[in-house]
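> Fold the following for me, if possible:
(one chain, ligands or ions: 2)
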Amino acid sequence: MENLIKLSDGRIIPRVGFGTYLLNGYQGVNAISSALNNGYRFLDSAFNYDNEGAVGEAIRRSNISRDEITVLSKLPGRFHAYDQAIKAIQESVLRTGLDYIDLYLIHWPNPNQKLYVEAWQALIDSQKFGLIKSIGVSNFLPEHLEKLEQETGVLPVANEIEVQPYFNNADLRAYNASKGIATIDWSPIGHANQMLKDQTIAVIAASHSKSVAQVILRWELQLNTIPVPKATIQSRQLENLAVFDFQLTEAEMQTINSLTRPDGRTSNQDPATHEEF
Ligand SMILES: NC(=O)C1=CN([C@@H]2O[C@H](COP(=O)(O)OP(=O)(O)OC[C@H]3O[C@@H](n4cnc5c(N)ncnc54)[C@H](OP(=O)(O)O)[C@@H]3O)[C@@H](O)[C@H]2O)C=CC1
Ligand SMILES: O=C(O)C(=O)[C@@H](O)[C@H](O)C(=O)CO
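Ligands and ions are numbered 1, 2, ... in the order given. Okay, here's the model as predicted:
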């Protein structure tokens, strides 16, 4: 399997990204620098993580050429109104200290606010000025994606959603795929909850001499999705990238697929109702 994937607008990004939620300040810079040193080239940030500055600093401290790194950030719900969204996008770029952000998403649809189409128009316009190169969304359901398509004619290149074995989001993944929208998986190893002790996955992991986390990430790759695991310590960063040298069988894929359950979300955040500002 290739370790790169092409988005619908032609942008090529790594198949495994690095989650940065809770990596802030100089400790955050150190953890993100370590991730870059260990081979990550795709950093998942957000305005609301308060670490776009740490991401930019880690990139500047590395010897890696800017165009080899994909920086992703996200627009908060409190800035969905068009003028505010335009300013927030500019502020995101300024915070990184970089010239542009590669992939910029609307973080949550916040459907009760009814402003996500305005926010989407702001992403479309900011893209024209080159501040953000590719545009997408996060936590959007089919009804939200349909509205974007109907009202602007522009579809996101990616939709970052919760995908992990206990909540595999199969219907939304299928909808994304039917529209050519790449699925990026958040909390791909379940935020290190009890899933990492799952006995069914542990048996599969043992048979491949891999860890449970590696089997979960490999399952996500074989679902043709893009996981963005977060790991502070170096050994875990390396472990989570070492997922290209083995393959799960179709039966193993089905076994992991069958672990999904209605109450399997890592947190109680249903995008149909969850509002995040
Ligand atoms: N768009 C959205 O709405 C959302 C996006 N996200 C994004 O997704 C990213 C990943 O999700 P996140 O919630 O951080 O959770 P993850 O599923 O990535 O799990 C992270 C946790 O797992 C631990 N860990 C990492 N690797 C291993 C390993 N190999 N073995 C055992 N433990 C391990 C980490 O520990 P440690 O750090 O101590 O090493 C950390 O506690 C976020 O950082 C963020 O970028 C997350 C939630 C919502
Ligand atoms: O981390 C993110 O990207 C989020 O959207 C947050 O909702 C996060 O999942 C969280 O739980 C913050 O309390």
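
> contacts, neighbours, all on C-alpha from now
Fine.

> how about Asn51, what does it touch?
Listed by CA atoms under 8 Å, 6 or more residues apart in numbering, the contact set of Asn51 reads Thr20, Leu23, Asn24, Gly25, Gly28, Ser45.

> Tell me how far it lies from Trp186.
Look at Asn51 and Trp186: by CA to CA, to the nearest Å, they are 17 Å apart.

> what do you get for Phe277?
Counting by CA to CA, the gap from Phe277 to Trp186 is 18 Å.

> Which one's more surrounded, those two?
Between Phe277 and Trp186, counting by other CA atoms under 10 Å, Trp186 is the more crowded of the two (22 against 12).

> For that one, give me phi and psi.
phi -90, psi 160 (degrees, to the nearest 10).

> mind checking pLDDT for the nearest residue to it once chain neighbours are set aside?
Among residues not flanking Trp186 along the chain, Glu162 sits closest, at 4.8 Å (CA to CA, 6 or more residues apart in numbering). Glu162 is assigned 98 on the pLDDT scale.

> Need phi/psi at Glu162.
In terms of degrees, to the nearest 10, the main-chain angles of Glu162 are phi -70, psi 120.

> What number of residues are in the vicinity of it?
Counted with other CA under 10 Å, Glu162 comes out at 25.

> So it versus ligand 1, what's the distance?
In this view, Glu162 and ligand 1 are 7 Å apart by CA to the nearest ligand atom, to the nearest Å.

> you'd agree that residue is up against Leu172?
No. Counting by CA atoms under 8 Å, Glu162 does not reach Leu172; the two are 9.9 Å apart.

> Can you name the residues bridging to the nearest residue to Pro156 once chain neighbours are set aside?
Leaving aside its sequence neighbours, Pro156 sits nearest to Gly136 (CA to CA, 6+ apart; 4.1 Å). Per DSSP bridges, the residues bridged to Gly136 are Leu105.

> Let me see the contact set for Gly136.
By CA under 8 Å, 6+ apart, Gly136 lies in contact with Leu103, Tyr104, Leu105, Ile106, Leu155, Pro156, Val157, Ala158, Asn159.

> Repeat that for Asn224.
Taking CA under 8 Å, 6+ apart, one finds Thr183 in contact with Asn224.

> What distance do you get for the most far-flung residue of the chain relative to its centre to Asn268?
Relative to the C-alpha centroid of the chain, counting by CA atoms, centre = their mean, Ser207 is the outermost residue, at 28.9 Å. Per CA to CA, Ser207 is found 33 Å from Asn268.

> before we move on, back to that, can you tell me which of the contacts of Asn51 are in strands?
If you go by DSSP state E, those have nothing in strands.

> hmm, which two among those are most spread apart?
Gly25 and Ser45 (13.3 Å; CA to CA).

> Comparing the two, which residue is more hemmed in?
Between Gly25 and Ser45, counted using other CA under 10 Å, Ser45 has the larger neighbour count: 24 against 16.

> these two touch, right, that one and Leu23?
No. Contact criterion CA under 8 Å: Ser45 and Leu23 do not qualify, at 9.4 Å.

> From ligand 1, how far off is the nearest residue to Leu238 once chain neighbours are set aside?
Of all residues not flanking Leu238 in the chain, Asn38 sits nearest, at 6.3 Å (CA to CA, 6+ apart). Taking CA to the nearest ligand atom as the measure, Asn38 and ligand 1 are separated by 13 Å.
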